[in-house]
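>>> got a sequence here, can you model it:
(chains A and B)
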2 protein chains.
Amino acid sequence: VSLNEFSLIQKYFSSSGESKGVTLGVGDDCAILDIPEGKQLVATVDTLVEGVHFPVSASPADIAHRSLRVNLSDIAAMGADPHWFTLALTLPKVSESWLCDFSQALLSDALYFGCSLVGGDTTAGPLSITMQVLGTIPIGSGLTRGGCHEGDSIYVTGSLGEGAAALALLDASVSIESEDIRSRLLQRFYRPEPRLKEGACLRNVASAAIDISDGLIADLGHIGKSSGVGANIEFDRLPVAPFLLGMARQACLNDWILSGGDDYELCFTVPRRNKDFIEALIHSGELNAFYIGEMCKELGVRCYDSRGQVMELKKSGYRHF
Amino acid sequence: VSLNEFSLIQKYFSSSGESKGVTLGVGDDCAILDIPEGKQLVATVDTLVEGVHFPVSASPADIAHRSLRVNLSDIAAMGADPHWFTLALTLPKVSESWLCDFSQALLSDALYFGCSLVGGDTTAGPLSITMQVLGTIPIGSGLTRGGCHEGDSIYVTGSLGEGAAALALLDASVSIESEDIRSRLLQRFYRPEPRLKEGACLRNVASAAIDISDGLIADLGHIGKSSGVGANIEFDRLPVAPFLLGMARQACLNDWILSGGDDYELCFTVPRRNKDFIEALIHSGELNAFYIGEMCKELGVRCYDSRGQVMELKKSGYRHF
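So this is what the prediction gives:
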């Protein structure tokens, strides 16, 4: 890739316009950013590699949306507000139409989430996208994995299992006839909804939070490990879309829900003193979340079935294409 | 790469210890960082791909040093102080010895530069390293490319041409017998010195600055373009190490110095009112920099030879292995 081709690339990513807190954006050696008084900076980074985190068949717009949203999900899990991001884009060759589609999708999605591109690097190599998202939280209000205690209630947002079902659809290990379901699952994979609103309303309320990327059991295990406690959850309380219940053989469905990952919902814990507040938010419709169990003294995560038996869990796995 | 193998990787990168301004470091969804009052945040990102930005033969320690320092050079060019960085590491397979060497070299080099690792992501794929470095500057004192005027003096730090000579050595387009020179050039390539001290002392003094990664002519061209002016420089004033003059055929040497890139020196401009101050810093030995020419009204960059003739310049090129 010659220097001229890189100028071409610059062209597609420098249209960010005036953005809040950006003293200097794309195009210099660094961005210069203003952190408002009373706020702390949060930073997260994620890489998506072609053939590993998305299939070779993915469209430029799909790749753009998924890359940004997977990163924003980490911001949501801290209860933070996203402001800026940098992009490191590695491309096998420079294709104007690919870049045009990718950058349009990326910049419009970023605008929707109130987040602006402030810097980037483009290199030649196998297709991969690394984004770092920067955001802020009011000082001291960040939601970590390490703050919960025995007796805290466990909740999840949205619905579980669709991330894994989408992966199964993409790697053709299941076939789905309904066009509606296919498109809902692809939407779920390529445009996961970062739970930013939910995360923000959990500040100073939840005792711990994480986004579900490795699978509920694994991610709840991270909370437990960081907090020095364990968790008991009830399978029948887990939120699962009815269409998903209809499409899967039971064994496979349980894995999707418990250890499939890629759901990008929030799993969070609430101390007893804040439980009424959370339940009120849920009942009023302001927070789409479900009580699924309690943190306990005994380390590890156990899931109980409808007969009160501990379910045997497959090891949470990391999925490749 | 399984989840267990990723835990292994975590092991190598979580030894950062207590660091300034880090409320929460490696291991949660995001890092939480404190920006001191009166400071602005600066952010930069760079990707290094195996076979493109370093040869397949490079050692893990070499890759670690080069990745970090190339990023720190951008921080230096803003006159900023580095504080934190994130690492996105894509690896074809998990090798404990590779990770051990890479992480040790990286963390010790980062410590040397007062910079701590606050987050990361490890993925399976072709070897590539993306780092984002975060730093701070006193509000309003960032050195950009766009602040200089006609009549400002142009300076460069250190010495030019060795980055390109090292590339020529690595791709075997030159052969060098002296072990001393070989090792100096490899050092220059794998451990470029980010000019952080120099950058910091140029705050509120220089009118524009950039680090020389694309080559002097190209990078000075970026300053000129951003500032709406041009530049005239004198070839005989450019700082070049004597050993380099000895080793190269003349035509090739000029390219190395003017458009070779990878030198990671600073090129900066100084308005007339600050010139005495800069010259005093240089004469006292506090700043290792050289006057090379002046910004002018006529756009573009011209380099004059000893006879006062404009030299013909090869187009600045981007080098692959």
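>>> give me the contacts around stretch A:88-104.
A:1, A:5, A:8-9, A:12-13, A:15, A:59-61, A:63-64, A:120-131, B:45-47, B:49, B:88, B:128, B:130, B:132 (CB atoms under 8 Å, 6 or more residues apart in numbering or on different chains). All C-beta atoms are positioned from the backbone trio N, CA, C, and that covers glycine.
>>> what ranges do the strands span in the stretch 51-200 of chain A?
A:81-91, A:116-124, A:128-138, A:153-157 (DSSP state E, counting those that start in this stretch).
>>> make JSON lines out of those and add mean neighbour count and distance to B:Asp276.
As requested, the strands of the stretch 51-200 of chain A are arranged in JSON lines below (neighbours: other CB atoms under 10 Å in any protein chain shown; distance: least, CB to CB, whole Å):
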{"stretch": "strand A:81-91", "mean neighbour count": "25", "distance to B:Asp276": "39"}
{"stretch": "strand A:116-124", "mean neighbour count": "23", "distance to B:Asp276": "35"}
{"stretch": "strand A:128-138", "mean neighbour count": "26", "distance to B:Asp276": "40"}
{"stretch": "strand A:153-157", "mean neighbour count": "25", "distance to B:Asp276": "63"}
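>>> just give me the lowest mean pLDDT stretch among these.
Lowest mean pLDDT of the strands of the stretch 51-200 of chain A: strand A:116-124, a mean of 88.
>>> got the angle between it and strand A:128-138?
Interaxial angle of strand A:116-124 relative to strand A:128-138 (axes from the mean of the first three to the mean of the last three CA atoms, to 10 degrees): 160 degrees.
>>> tell me what strand A:116-124 is packed against?
Counting contacts by 3 or more CB pairs under 8 Å, 6 or more residues apart in numbering or on different chains; DSSP states H and E, strand A:116-124 packs against helix A:3-13, strand A:31-33, strand A:81-91, helix A:96-112, strand B:39-49.
>>> can you give me the neighbour number for A:Ala31?
28 (other CB atoms under 10 Å in any protein chain shown).
>>> tell me the pLDDT of A:Ser15.
At A:Ser15, pLDDT is 58.
>>> now A:Ser59
96.
>>> find the nearest non-adjacent residue to it, please.
Using CB to CB, 6 or more residues apart in numbering or on different chains and skipping residues adjacent in sequence, the residue nearest A:Ser59 is A:Asp101, 7.0 Å away.
>>> could you check how far the one you found is from chain B?
21 Å (CB to the nearest CB, to the nearest Å).
>>> pretty sure A:Ala72 contacts A:Leu196?
One thing to correct before we go on: residue A:72 is Leu, not Ala. Yes. Applying CB atoms under 8 Å, one finds A:Leu72 in contact with A:Leu196, separated by 6.5 Å.
>>> give the intersection of the neighbour lists for these two.
A:82, A:113.
>>> so what's the closest residue to A:Tyr190 other than its chain neighbours up against?
Distances taken as CB to CB, 6+ apart place A:Asp62 nearest to A:Tyr190, at 4.1 Å, with adjacent residues excluded. Residues counted as contacts of A:Asp62 (CB under 8 Å, 6+ apart) are A:54, A:105, A:190.
>>> picking up where we left off before, in terms of neighbours, single out the busier of A:Leu72 and A:Leu196.
The neighbour comparison of A:Leu72 against A:Leu196 (other CB under 10 Å) goes to A:Leu72, with 30 against 22.
>>> the residue nearest to that one when sequence neighbours are not counted: how many residues sit nearby?
Once flanking residues are discounted, A:Leu72 sits nearest to A:Pro194: 3.6 Å by CB to CB, 6+ apart. When counting by other CB under 10 Å, one arrives at 24 neighbours for A:Pro194.
>>> need the contact list for A:Val26.
Per CB under 8 Å, 6+ apart, neighbours of A:Val26: A:10, A:13-14, A:16, A:117-120.
>>> okay, these in CSV with distance to A:Val174 next?
Shown next, in CSV, are the contacts of A:Val26 (distance: CB to CB, whole Å):
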residue, distance to A:Val174
A:Gln10, 42
A:Phe13, 37
A:Ser14, 42
A:Ser16, 40
A:Leu117, 36
A:Val118, 41
A:Gly119, 40
A:Gly120, 37
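>>> and of the residues you listed, the nearest to A:Leu68?
A:Leu117 (9.7 Å; CB to CB).
>>> my guess is that closest one meets A:Phe85, correct?
Yes. With contact defined as CB under 8 Å, A:Leu117 counts as touching A:Phe85 (6.0 Å).
>>> overlap in contacts, those two.
Joint contacts of A:Leu117 and A:Phe85 (CB under 8 Å, 6+ apart) are A:Ala110.
>>> so what's A:Ser306 up against?
Applying CB under 8 Å, 6+ apart, the residues near A:Ser306 are A:235-236.
>>> quick one, phi/psi of it?
Backbone torsions of A:Ser306, given as degrees, to the nearest 10, read phi -60, psi -20.
>>> and A:Ala168, how far from chain B?
19 Å.
>>> next: A:Ser141.
10 Å.
>>> and that residue, how many neighbours?
17.
>>> these two touch, right, A:Leu266 and A:Arg145?
No. Using CB under 8 Å, A:Leu266 is not in contact with A:Arg145; the gap is 11.8 Å.
>>> distance to A:Asp262 added to the helices and strands packed on strand A:116-124, as a markdown table?
Below are the helices and strands packed on strand A:116-124 laid out as a markdown table (distance: least, CB to CB, whole Å):
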| stretch | distance to A:Asp262 |
| --- | --- |
| helix A:3-13 | 27 |
| strand A:31-33 | 30 |
| strand A:81-91 | 20 |
| helix A:96-112 | 18 |
| strand B:39-49 | 25 |
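>>> and the helices in chain A?
A:3-13, A:60-77, A:96-112, A:162-170, A:179-190, A:196-201, A:216-227, A:242-247, A:250-259, A:272-283 (DSSP state H).
>>> in the sheet, who's paired with A:Cys267?
On the basis of DSSP bridges, A:Cys267 is bridged to A:Val156, A:Ile210.
>>> so who does it touch?
By CB under 8 Å, 6+ apart, the neighbours of A:Cys267 are A:154-156, A:209-212, A:216, A:219-220, A:223.
>>> state the distance from it to chain B.
11 Å.
>>> equivalent analysis for A:Gly221, please.
On the measure of CB to the nearest CB, A:Gly221 and chain B end up 10 Å apart.
>>> ok, and the closest non-adjacent residue to that residue?
Using CB to CB, 6+ apart, the closest residue to A:Gly221 is A:Val301 (5.0 Å).
>>> now A:Gly199. Nearest residue, chain neighbours left out?
In space, A:Gly199 is closest to A:Ala76, 3.8 Å off (CB to CB, 6+ apart).
>>> any stretches of chain A with poor pLDDT?
Segments of chain A classed as low confidence (criterion: pLDDT under 70) are A:1-9, A:15-18, A:250-251, A:314-321.
>>> how about a cut-off of 80?
The model of chain A has pLDDT under 80 over residues A:1-11, A:13-19, A:27, A:247-251, A:313-321.
>>> most surrounded residue in the contacts of A:Cys267?
Neighbour max across those (other CB under 10 Å) = A:Ala209, 31 neighbours.
>>> OK, contacts around it?
A:77-79, A:143-145, A:199, A:202, A:223, A:266-269, B:29.
>>> which of those residues tops the neighbour count?
A:Ala77 leads those on contacts (other CB under 10 Å) with 34 neighbours.
>>> any common contacting residues for A:Leu266 and A:Arg145?
Common neighbours of A:Leu266 and A:Arg145 (CB under 8 Å, 6+ apart) are A:209-210.
>>> quick check: buried residues in stretch A:281-297?
Judged by neighbour count (16 or more other CB atoms under 10 Å in any protein chain shown), stretch A:281-297 contains these buried residues: A:281, A:287-296.
>>> contacts for it next, please.
Taking CB under 8 Å, 6+ apart as the rule, stretch A:281-297 contacts A:148-158, A:198, A:201, A:224, A:227, A:229-234, A:237-239, A:266, A:268-269, A:278-279.
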